[in-house]
Structure formats: C-alpha cells, structure tokens
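> Structure for the following, please:
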Amino acid sequence: MDQIVSRTERVKDGDIIMEEGTWAFYAYVLKSGKAKVVRTIDGRPVLIRTVKQGEVVGEMAFLGGAKRTASVIADGDVEVEMISKDTFMDALDRLPQDVCSKLKAIVSDLTGMTEIQGRLTVYLKELRDLEKKLLDLKSFEKEVEQMPELLRRVVIAMVQRLNTSIEGCMKLASQAEETIKAIDSLSFLPTEGHAQ
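You can find the predicted model right below:
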C-alpha cells in the first residue's frame with residue numbers, strides 16, 4: 001500500500017478526518033488509533049460505526065462520484081495514510097470493466113444500507129426513549145379516577161393504545177436487530193471492518 005499512499009498525517013482526538021457533504025480528494029487508512037463514523041440524520045448526528053487501525057474510509061465517494069455521506073472523527077489521537085483520488089482511480093481503471101461495474105453496484109447498495117442503518121438507529125433510540133415513558137395504568141389510575149366517566153374511558157383507551165403501539169414497535173425493533181445479526185453473519189469476506 002505504501003506506493004499508493006501520498007502522505008501521512010496525525011489527527012488529534014475529536015478532530016474531523018473527513019467531513020460529510022464535502023467533495024472527496026482523499027481516502028484514508030487508519031495507520032493507528034480509531035475513529036467514529038457519524039452521519040447526520042434528520043438534523044442529528046448518528047454514530048454509524050467505529051473504525052480501527054488498518055481500515056479504509058472515504059473510498060466510496062470516489063466510486064460513487066458523490067460527496068461524502070458521513071464524517072469520520074478521530075476517537076483519540078490517530079495517524080492516517082492518505083490516498084489521493086487520482087491514484088485510487090488510476091488503480092481502479094486497471095481492473096476489468098465488469099469488476100468496476102460490480103464495485104459501483106456494491107457502493108450503491110452500501111450507500112442505501114448505510115442510510116437504512118442510520119435511520120433505524122434513530123428510530124430505535126426514539127423507541128427506547130418512548131419505552132421509558134410506557135405508562136402503567138395503575139400509577140395513572142388515581143389521576144384518571146377524578147375525571148368524568150366518559151373522559152376517563154377515553155384517557156384509558158388512549159393509554160392502552162399507546163402501550164400497545166410501543167410494545168409492537170419494540171417487537172419490530174427486536175426483529176430488525178435479529179435481521180441485522182443475520183446479515184452480519186453472511187459476510188463472504190474476512191471482515192477487517194466495512195469500508196465507508
């Protein structure tokens with residue numbers, strides 16, 4: 001890899017290695033340390049994953065021809081090796097066309113899956129927050145007792161529907177987590193981490 005690395009840089013804890021929404025000029029190999037991959041979903045930063053020594057980030061924007069889909073932030077002091085877009089694309093151009101087409105399809109699929117993963121992460125957090133608010137009818141009973149009968153029945157029905165809805169969402173969340181575990185176990189390559 002040394003022949004394709006254009007330079008090496010040290011990045012301090014908390015500094016941005018690459019920023020979401022910017023054009024890609026380099027891909028990065030974490031030579032030492034670890035970093036967080038963060039994506040903005042609905043205006044909020046969402047941790048997608050952590051990358052560690054030896055992993056490559058930033059190459060997807062080269063293959064997809066788009067801006068960065070996530071930020072990578074140093075989690076502790078790190079050292080990164082930088083690969084220029086031109087060097088990467090020259091190496092890619094030497095591959096057979098069908099391999100390049102497959103790589104671009106993988107990038108497209110991975111971009112879509114990363115979007116789904118980010119949204120699921122946000123939704124699961126919201127569900128966990130809602131689960132904490134799950135109302136116990138017994139504890140709410142004294143307040144409800146003071147209400148007129150019709151209003152009391154409406155409030156109880158609403159609380160029951162809320163509880164049922166939250167329980168249903170938690171079951172779906174559990175199914176989603178099981179599906180993710182099943183997908184992770186299908187990896188056809190040894191995983192040194194997923195490319196970003």
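
> so which strand or helix has S139?
Applying DSSP states H and E as the criterion places S139 in helix 137-145.

> Packing partners of the next helix or strand after that helix?
Helices and strands here follow DSSP H and E; after helix 137-145, the next one along the chain is helix 149-184. When contacts are defined as 3 or more C-beta pairs under 8 Å, 6 or more residues apart in numbering; DSSP states H and E, helix 149-184 packs onto helix 97-132, helix 137-145. Yep, even glycine has a C-beta here, placed from its N, CA and C like the rest.

> Of those helices, which stretch is the most buried?
Neighbour counts (mean count of other C-beta atoms under 10 Å) averaged over each of these peak at helix 97-132, with a mean of 14.

> could you say what helices and strands that one packs with?
strand 34-41, strand 44-52, helix 59-64, helix 85-93, helix 149-184.

> I'd like these laid out as TSV, including mean neighbour count, distance to I17 and mean pLDDT.
Formatted as TSV, the helices and strands packed on helix 97-132 follow (neighbours: other C-beta atoms under 10 Å; distance: least, C-beta to C-beta, whole Å; pLDDT from 0 to 100):
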stretch	mean neighbour count	distance to I17	mean pLDDT
strand 34-41	20	6	92
strand 44-52	16	9	89
helix 59-64	21	13	81
helix 85-93	13	16	88
helix 149-184	12	25	80
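
> Q117: which of these is closest?
Across the helices and strands packed on helix 97-132, Q117 has its closest neighbour in strand 44-52 (6.4 Å, C-beta to C-beta).
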